[in-house]
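*Asks:* sequence and computational prediction follow.
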Amino acid sequence: MQVLYFAWVRERIGLPKEVVDTTAVSVMDLVEELREREERYALAFSDLGALRVALDQELSDFDAPLEGVREVAFFPPMTGG
Amino acid sequence: MRILVQSESFDVGAETAQFAQGHENVGALVTFTGIVRNNDAGTLTEMQIEHYPGMTEKALTTIATEAQTRWKLQDVLVIHRHGDLAPGEMIMMVATAARHRKAAFEAADFLMDYLKSRAPFWKREITSEGAEWVAAKDDDEEALKRW
């Protein structure tokens, strides 16, 4: 599964994207897996209220299932316009 | 509908003139242009805009399509830049064309509200003191409830 990070999430984790081999059932499961990897992940995912998630380029939420999903992206609330 | 996500600058006048052509029964054309604003201290040297290629275009198309569903619009234009911008540079523009002004104004307002918090762009301000990601405002999320 392709996992992408944007803005300060990308900076904290230290890379824009990576392929993650996971059996996570939901976004939350994936977050837990990533948090346990290394401190930089734990730091990036410390406050989920400050994060948004997109599944296959559609905004979603942390309870959403990952079945069939190819691309997951984590980022802070958007600041366009 | 025309959606452009680009790093290059754009000419509001030329884009507006082009947008105004080729539509029958247009009685109102509304444009909004967003410009890189300096901070109160005047220390902003650069505004960096990151985006999510692929999702950005999809999100903008979804938002513009929603505007066309809610209002009778002849056409919609959205241009949004990414990359490194200087204070005073144009970041983005939206234009709406309709038979009557109310639909054109409201749809442009709607587009801007949604574009601010539903299109995957992130602003980072570079000042003489350092760099900082611009935080989303609660007001921006609140503004969506109007619609």
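*Replies:* Nice, I can see it.

*Asks:* give the residue spans of chain B that score low on pLDDT.
*Replies:* Along chain B, segments meeting pLDDT under 70 are nowhere present.

*Asks:* what helices or strands is the longest helix belonging to it leaning on?
*Replies:* Longest helix of chain B, by residue count under DSSP state H: helix B:101-118. Where contact means 3 or more CB pairs under 8 Å, 6 or more residues apart in numbering or on different chains; DSSP states H and E, helix B:101-118 is packed against strand B:28-35, helix B:55-70, strand B:73-81, strand B:90-98, helix B:138-143. Every C-beta, even on glycine, is put in place using the N, C-alpha and C of the backbone.

*Asks:* of all those, which one is nearest chain A?
*Replies:* Closest to chain A of the helices and strands packed on helix B:101-118 is helix B:55-70 (CB to the nearest CB; 3.8 Å).

*Asks:* now the angle from the closest one to helix B:101-118?
*Replies:* Orientation check (axes from the mean of the first three to the mean of the last three CA atoms, to 10 degrees): helix B:55-70 against helix B:101-118 gives 150 degrees.

*Asks:* which parts of helix B:55-70 are buried?
*Replies:* Neighbour counts using 16 or more other CB atoms under 10 Å in any protein chain shown place B:Met55, B:Thr56, B:Glu57, B:Lys58, B:Ala59, B:Leu60, B:Ile63, B:Ala64, B:Glu66, B:Ala67 of helix B:55-70 among the buried residues.

*Asks:* tell me the helices and strands packed up against it.
*Replies:* Using 3+ CB pairs under 8 Å, 6+ apart: helix B:55-70 touches strand A:58-60, strand B:2-6, strand B:73-81, helix B:101-118.

*Asks:* dump those to a markdown table, plus mean neighbour count.
*Replies:* What follows is the helices and strands packed on helix B:55-70, written out as a markdown table (neighbours: other CB atoms under 10 Å in any protein chain shown):
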| stretch | mean neighbour count |
| --- | --- |
| strand A:58-60 | 16 |
| strand B:2-6 | 15 |
| strand B:73-81 | 23 |
| helix B:101-118 | 20 |
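
*Asks:* can you lay out these as a markdown table showing distance to B:Ala95?
*Replies:* Formatted as a markdown table, the helices and strands packed on helix B:55-70 follow (distance: least, CB to CB, whole Å):
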| stretch | distance to B:Ala95 |
| --- | --- |
| strand A:58-60 | 25 |
| strand B:2-6 | 9 |
| strand B:73-81 | 4 |
| helix B:101-118 | 8 |
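
*Asks:* closest one to B:Thr16 among the ones you listed?
*Replies:* strand B:73-81 (8.5 Å; CB to CB).

*Asks:* many thanks, we can stop here.
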